[in-house]
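J.: Pasting the sequence and the predicted coordinates here, then a few questions.
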Amino acid sequence: RCGFVAIVGRPNVGKSTLLNHILGQKLSITSRKPQTTRHQVLGIKTEGPVQAIYVDTPGMHEEEPRAINRYMNKAATSALKGVDVAVFVVDQMAWTTADEMVLEKLGSLKCPVILAVNKVDRIENREALLPHLDMLSRKRDFAEIIPLSALKGMNLAPLEEAVARFL
Ligand code: GDP
Ligand code: MG
C-alpha cells in the first residue's frame, strides 16, 4: 500500500518536528525528494508493505486574514486533492483563529483527517486535557484524535498506524 499524507497546521504547532521524528534523517536528503505538481514531497517512509509519502500543501499555512475568504479556502482544499489522509497538527495548549482557518481550509475534504494534538509533554494541568480534546472533537468529524509529543517522540506510533490504515 502506498499513499499521500498531507501535514497541515498553523505555524509553530510542530509540523517540522513531527516530520523529522517520523522520517528521521531522510528528511535532510533534499536532492532525492521527488516533486509533484500539487505537493512538495517532504519525505517517504517505507515500513513493510506500507509506503507513506509525506507532502506539504501550499496555501495551508498562511495566517493572513484574507486567507479566510471562500475562494482561498477552495483553492487550499483543492490543493489537498489526491491526498489519501491529512494530519492536522494542533498545539494542545492553544486553539487559535489560525487553527480555525486551517480547519476551514480542510473544508469538505473527503479524505480522513487525523487530529494530532501535539506538545502534550508540556501539559501542566492533566485534568484540562480531556475537556480540551472533547472541544476539539466537536470541530470536525476526525478519523482519529491522537495526543502526542513530536519533540519527545511520545505516541508517534499510534499516529503512524492510523495513517497507514488509510493508505
Ligand atoms: P512548525 O512551524 O509547525 O513546523 O513547528 P516546528 O516544528 O518548527 O516547532 C515549533 C516550535 O515548537 C519549536 O520550538 C519546537 O521545538 C517546538 N515543539 C515542536 N513539537 C513540540 C513538542 O512536542 N513539545 C514541545 N514542548 N515543543 C515542541
Ligand atoms: Mg515547519
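T.: Structure received. Numbers count the residues shown, from 1 in each chain. Ligands and ions are numbered 1, 2, ... in the order given.
J.: In this protein, which residue sits nearest ligand 2?
T.: For the chain and ligand 2, the shortest gap (Cβ to the ion) falls at Ser16, measuring 3.3 Å. Yep, even glycine has a C-beta here, placed from its N, CA and C like the rest.
J.: and that residue, which of the three is it?
T.: For Ser16, the secondary-structure state derived from DSSP: H, G, I helix; E, B strand; the rest coil is helix.
J.: gap between it and Asp56?
T.: According to Cβ to Cβ, to the nearest Å, Ser16 and Asp56 sit 10 Å apart.
J.: Now find how far off-centre stretch 82-92 is within its chain.
T.: If you compare the mean C-alpha spot of stretch 82-92 with that of the full chain, they lie 3 Å apart, counting by Cα atoms, centre = their mean, to the nearest Å.
J.: shouldn't Gly153 be in contact with His21?
T.: Yes - assessed by Cβ atoms under 8 Å, Gly153 is found in contact with His21 at 5.4 Å.
J.: These two: which is more packed in?
T.: Shown here are Gly153 and His21; by other Cβ atoms under 10 Å, His21 has more neighbours (20 against 14).
J.: can you pull the contacts of the residue of the chain closest to ligand 2?
T.: Applying Cβ atoms under 8 Å, 6 or more residues apart in numbering to Ser16 gives no contacts.
J.: Could you report the distance from it to Val120?
T.: For Ser16, the distance to Val120 - Cβ to Cβ - is 18 Å.
J.: So which residues on this structure come close to ligand 2?
T.: Taking Cβ under 5 Å from the ion, the part of the chain that reaches ligand 2 is made up of Lys15, Ser16.
J.: Return the residues in contact with Leu151.
T.: By Cβ under 8 Å, 6+ apart, the residues touching Leu151 are Gly14, Thr17, Lys119, Asp121.
J.: possible to save those residues as CSV with pLDDT and neighbour count?
T.: What follows is these, written out as CSV (pLDDT from 0 to 100; neighbours: other Cβ atoms under 10 Å):
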residue, pLDDT, neighbour count
Gly14, 92, 20
Thr17, 91, 17
Lys119, 97, 22
Asp121, 96, 13
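J.: between those residues, which is closest to Leu103?
T.: When these are ranked by distance to Leu103 (Cβ to Cβ), Gly14 comes first, at 17.0 Å.
J.: pretty sure that closest one contacts Asp121?
T.: No - between Gly14 and Asp121 no contact is recorded; they are 10.6 Å apart, counting by Cβ under 8 Å.
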